[in-house]
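S.K.: Requesting a structural model of the entry that follows:
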Amino acid sequence: MTTKLETLEAALRAALGDHLQSLTLALGEITIIVKPEHYLSVSRSLRDHADLRFEELIDLCGVDYSEYGNGAWEGARFAVVVHLLSIKHNWRVRVRTFCADDDLPVVDSLTGIWPAVNWFEREAFDFFGIVFEGHNDLRRILTDYGFIGHPFRKDFPVSGNVEMRYDPEQKRVIYQPVTIEPREITPRIIREEGYGGLN
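M.R.: As a prediction, this is how the structure comes out:
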């Protein structure tokens, strides 16, 4: 007797074929990796194929792998991860694609397939700088228009690049370079003898 995940795995392999770069089954979830050039066509197949029918996009996020594994990561820096749900079959899948260029990460927009992805893609653009080609309104969504950089990138300074303040002379909010001195705080841990039952 085959389990539900085995049925889904077989359906994914049959429907996606050579477009499937890898398929991993871990912790009761299936993750597939596809190349960025196949990302749009695979997404369309995931939605439309009768054996899959992933009608609902639950989430999309960006990932910066630049410090993954304490710097041991050797693959592409940026990835887009999508979580999909099939209401008809009651199963889920995670789709990951890596951006081909680390300097200008670009992948196709999925707004033509799942319109609900609109704001998720804008958030990934805002925080990671990932450009979604074909998105009809790709602009910042959570940071302001004058914001410099992308705050979820691993190389973004913790204190930021600029700060805002109200200038009473100009009677408006202005931007200025950050005045906070960067520092590293190391917490001091004091434990009583025999803490946690350890000798």
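S.K.: Nearest spatial neighbour of residue 117, chain-adjacent residues omitted?
M.R.: Sequence neighbours aside, residue 110 is the residue nearest to residue 117 in space, at 4.7 Å (criterion: CB to CB, 6 or more residues apart in numbering). For every residue, glycine as well, the C-beta is placed using N, CA and C.
S.K.: burial count for that neighbour?
M.R.: Per other CB atoms under 10 Å, the neighbour tally for residue 110 reads 26.
S.K.: Quick check, central residue of the protein?
M.R.: residue 62 (1.9 Å; CA atoms, centre = their mean).
S.K.: So residue 75 is in contact with residue 98, correct?
M.R.: Yes. Look at residue 75 against residue 98 with CB atoms under 8 Å: they come within range, at 6.3 Å.
S.K.: These two: who's more crowded?
M.R.: With neighbours defined as other CB under 10 Å, residue 75 and residue 98 compare such that residue 98 has more, 21 against 8.
S.K.: Tell me the secondary structure at the nearest residue to the more buried one once chain neighbours are set aside.
M.R.: Leaving aside its sequence neighbours, residue 98 sits nearest to residue 76 (CB to CB, 6+ apart; 3.8 Å). Here residue 76 is recorded as coil under DSSP: H, G, I helix; E, B strand; the rest coil.
S.K.: Contact partners for residue 76?
M.R.: Neighbour list for residue 76: 65, 98-100, 102 [criterion: CB atoms under 8 Å, 6 or more residues apart in numbering].
S.K.: for these, which one is nearest residue 177?
M.R.: Distance to residue 177, by CB to CB, is smallest for residue 102 among the contacts of residue 76, at 27.0 Å.
S.K.: pLDDT wise, what is the residue nearest to that closest one when sequence neighbours are not counted at?
M.R.: Closest residue to residue 102 apart from its sequence neighbours, by CB to CB, 6+ apart: residue 77 at 4.2 Å. What the model reports for residue 77 is a pLDDT of 95.
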